[in-house]
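[1] test case, fold it:
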Amino acid sequence: MTARYYHFCFTVLVCLFLGALQQPVAPADALRTVTHVFDGDTIVLENGEVVRLLGIDAPEIKHATKTEAEMGKEAAGFARKLVEGKKVRLEFDPSSPNTSHKDSRKRTLAYVFLADGTFLNAELIKQGYAFIIPGFVHKYREEFERLEREARENKRGLWKKAF
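    Numbering: from 1, shown residues only. Predicted coordinates for the structure are as follows:
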């Protein structure tokens, strides 16, 4: 065998090795594991990617008043029970002009579905642990509005403490 052949084989092996070291960007429909729930509307995936749930807002954990912080902990706890350690798939909003699907804090903006089909964003609203973002238009807007109305009327989750 010639030196040229060995050089070719070495080059191929190096390219394969370097390609294996790069972390591929998973397509939106790939299942990924949630390693941590940061708060009621933000999760962290196994690759360190931070995902902000689209179209919803949950109370912050660290807030100026104790009541808000309490409600934030409840929302985060509910989300944690639903998704931490579980496989999810992301869906991006097709109407979004933001093709990178990132916000100004470099979080991925997505709808999140568990492997069993549970729609996390909608479930948080349905159970009263999140609310819709006023004025934010997206493909699930009408569904989210209906779910929030029902949660408020039935005093679920955070709405049982509402005035």
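[2] show me what contacts the nearest residue to Glu60 once chain neighbours are set aside?
    Spatial nearest neighbour of Glu60, excluding adjacent residues (C-beta to C-beta, 6 or more residues apart in numbering): Gly72 at 4.9 Å. The C-beta positions use only the backbone N, C-alpha and C, and glycine is treated the same way. Gly72 makes contact with Asp39, Gly40, Ala58, Pro59, Glu60, Ile61, Lys62, His63, according to C-beta atoms under 8 Å, 6 or more residues apart in numbering.
[3] do the same with Gly85
    With C-beta under 8 Å, 6+ apart, Gly85 has these contacts: Thr33, Val34, Thr35.
[4] which residues are in contact with the second one?
    Think Val34. Ile43, Val44, Leu45, Glu46, Val83, Glu84, Gly85, Lys86, Lys87, Val88.
[5] can you pull up the bridge partners for it?
    Leu45 (DSSP bridges).
[6] low-confidence bits of this structure, can you list those?
    Along the chain, the model assigns pLDDT under 70 to residues 1-29, 63-70, 96-98, 162-163.
[7] before we move on, the earlier item: from the contacts of Val34, which land in helices?
    Val83 (DSSP state H).
[8] pretty sure Arg80 is touching Phe38, no?
    No: if you go by C-beta atoms under 8 Å, Arg80 and Phe38 don't touch, sitting 9.8 Å apart.
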